[in-house]
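Colleague: give me coordinates for this.
(chains A, B, C and D)
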Protein chains: 2
Amino acid sequence: MIMAQLSTRDRVLAVAGDLFYSQGIRNVGIDAVCKEAGVTKPTLYHHFGSKDGLVAAYLEDRNESIFVNLKNAADQTDGPVSAKIAALFERLAKVSPRPSWKGCPLLRGAAEFANDVDHPARKISSAHKKRVESWLTELLAEHGVTAANVLARQLTVLLDGAVMHVFLHGDPSYARSSGMAARTLVEAALKEKPA
Amino acid sequence: MIMAQLSTRDRVLAVAGDLFYSQGIRNVGIDAVCKEAGVTKPTLYHHFGSKDGLVAAYLEDRNESIFVNLKNAADQTDGPVSAKIAALFERLAKVSPRPSWKGCPLLRGAAEFANDVDHPARKISSAHKKRVESWLTELLAEHGVTAANVLARQLTVLLDGAVMHVFLHGDPSYARSSGMAARTLVEAALKEKPA
DNA sequence: GTCTATATGCCGATAGAC
DNA sequence: GTCTATCGGCATATAGAC
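Modeller: Here you go, the predicted structure:
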């Protein structure tokens, strides 16, 4: 990561993001973030207010980048909707073998704060998944799927299940198996009432 | 929980399980477990060796009870395989609204220790999901599904995706939507080569 | 906006007695 | 098998100077 040109705030956020994602949010202390970013604690607290504030900024950042990546994967795939959907799973299969890949930061964040429904991590994670679901609903509807909202839910659930299992077993083949299931679901929905 | 008749070890384990599940493993200290169980730290360490040892015992315990519950849900449902599979999702919809329900302890445990592939929590969680997958493979094969192993993977992934999303949004309807998808997948597999 | 220095409390784990 | 007492370390957060 080239950070020389970043503002202090952005540099701290970038470092925190790396550490939170690779080590787990609750497993990373403010001290470690400060040390790695080359700032002192009062500076960090000046910009983010609290650790929860820093966590929220981190997850909002991932929310945005992941959403953009998903959209790009679909947009850059030609062919029927089923191919666009399959591309999301193919992207998972392609990205997950990287040593730094450790699952979905939003899902993991929500799991780490299971004790507190009102924690920012929970709210941001839920909103992110709803956002993906809404986007998929639009995409499917545009391509003539009736009851697009139901199928969008099913595919979002399937995709996150795939993420969890690829992570759990360290095996990207779960992404491809799940991608085949996604294809089946899309095609079954199209048969109900063809476009 | 009635614990008067339990051995010290089992009482500590029961208390630790409640706390780990409701508060998150990393968020619960040894002190809290000891206080709640009415023992001192050396006693806990005598029985479990370390916090990781206690965590492993907790997750092994949940592995067993969850697996039994899933099997029971399928066994107690009559009709075609698709109905037995749908029953797993129906069980999720039924159980998840309880205030104490906070998702899958194995998935959450794995997420909490994302930084360490060799942590007992990771191994136990992975083994548990493989166990469910193997059981489903058998169940599907017995009912005439060809390529039962592929379908078992897809259904396991879908089920855990449903668990995560029901948890994330606090909305059991994700279980029913996913159950419908599971039905579709099973029926599509049976059409490939009917029993 | 960034620093030095520190408050305050909880963490996992253990020595040694009985 | 269970206790009292305690170790050393790290957690989040802040007071006050510049």
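
Colleague: around DNA strand D, pick out the residues from chain A.
Modeller: By Cβ under 7 Å from any atom of the strand, the part of chain A that sits against DNA strand D consists of A:28, A:29, A:30, A:31, A:32, A:41, A:42, A:45, A:50, A:51, A:52. All C-beta atoms are positioned from the backbone trio N, CA, C, and that covers glycine.

Colleague: now flag whichever of those residues is closest to residue B:142.
Modeller: Checking these against residue B:142 by Cβ to Cβ gives residue A:28 as the nearest, at 47.1 Å.

Colleague: from chain A, which residue is nearest to chain B?
Modeller: Here chain A gets closest to chain B at one residue, residue A:161, 2.6 Å apart by Cβ to the nearest Cβ.

Colleague: so is stretch A:9-27 next to chain B?
Modeller: Yes. Against chain B, stretch A:9-27 shows contacts by Cβ under 8 Å from any Cβ of the partner chain at A:22, A:23, A:24, A:26, A:27.

Colleague: can you tell me how far the residue in chain A positioned nearest to DNA strand C is from residue A:111?
Modeller: Closest residue of chain A to DNA strand C, Cβ to the nearest atom of the strand: residue A:42 (2.5 Å). Between residue A:42 and residue A:111 the computed distance is 31 Å (Cβ to Cβ, to the nearest Å).

Colleague: that older thread, ok, and the closest non-adjacent residue to the residue of chain A closest to chain B?
Modeller: What sits nearest to residue A:161 in space, not counting adjacent residues and going by Cβ to Cβ, 6 or more residues apart in numbering or on different chains, is residue B:161, at 2.6 Å.

Colleague: need the contact list for that neighbour.
Modeller: Applying Cβ atoms under 8 Å, 6 or more residues apart in numbering or on different chains to residue B:161 gives the contacts A:156, A:157, A:158, A:159, A:160, A:161, A:162, A:164, B:178.

Colleague: looking at these, spot the one nearest DNA strand D.
Modeller: For the contacts of residue B:161, the residue nearest DNA strand D by Cβ to the nearest atom of the strand is residue A:164; the value is 25.2 Å.

Colleague: circling back to that earlier point, keep only those of the contacts of residue B:161 that are in helices.
Modeller: In this view, the contacts of residue B:161 that belong to helices under DSSP state H are A:156, A:157, A:158, A:159, A:160, A:161, A:162, A:164, B:178.

Colleague: separation between the spatially closest residue to the fifth one that is not a sequence neighbour and residue A:167?
Modeller: It refers to residue A:160. Among residues not flanking residue A:160 along the chain, residue B:161 sits closest, at 4.7 Å (Cβ to Cβ, 6+ apart). To residue A:167, residue B:161 is 12 Å away according to Cβ to Cβ.

Colleague: which parts of chain A are strands?
Modeller: Read by DSSP state E, chain A holds no strands at all.

Colleague: where does it dip in pLDDT?
Modeller: For chain A, the stretches flagged by pLDDT under 70 are A:1-4, A:193-195.

Colleague: would you pull up the residue in it closest to DNA strand D?
Modeller: residue A:29 (2.7 Å).

Colleague: residues near that residue, how many?
Modeller: 12 (other Cβ atoms under 10 Å in any protein chain shown).

Colleague: next: residue A:179.
Modeller: Counted with other Cβ under 10 Å, residue A:179 comes out at 24.

Colleague: what sits closest to it if chain neighbours are left out?
Modeller: Nearest to residue A:179 is residue A:89, by Cβ to Cβ, 6+ apart, at 3.0 Å.
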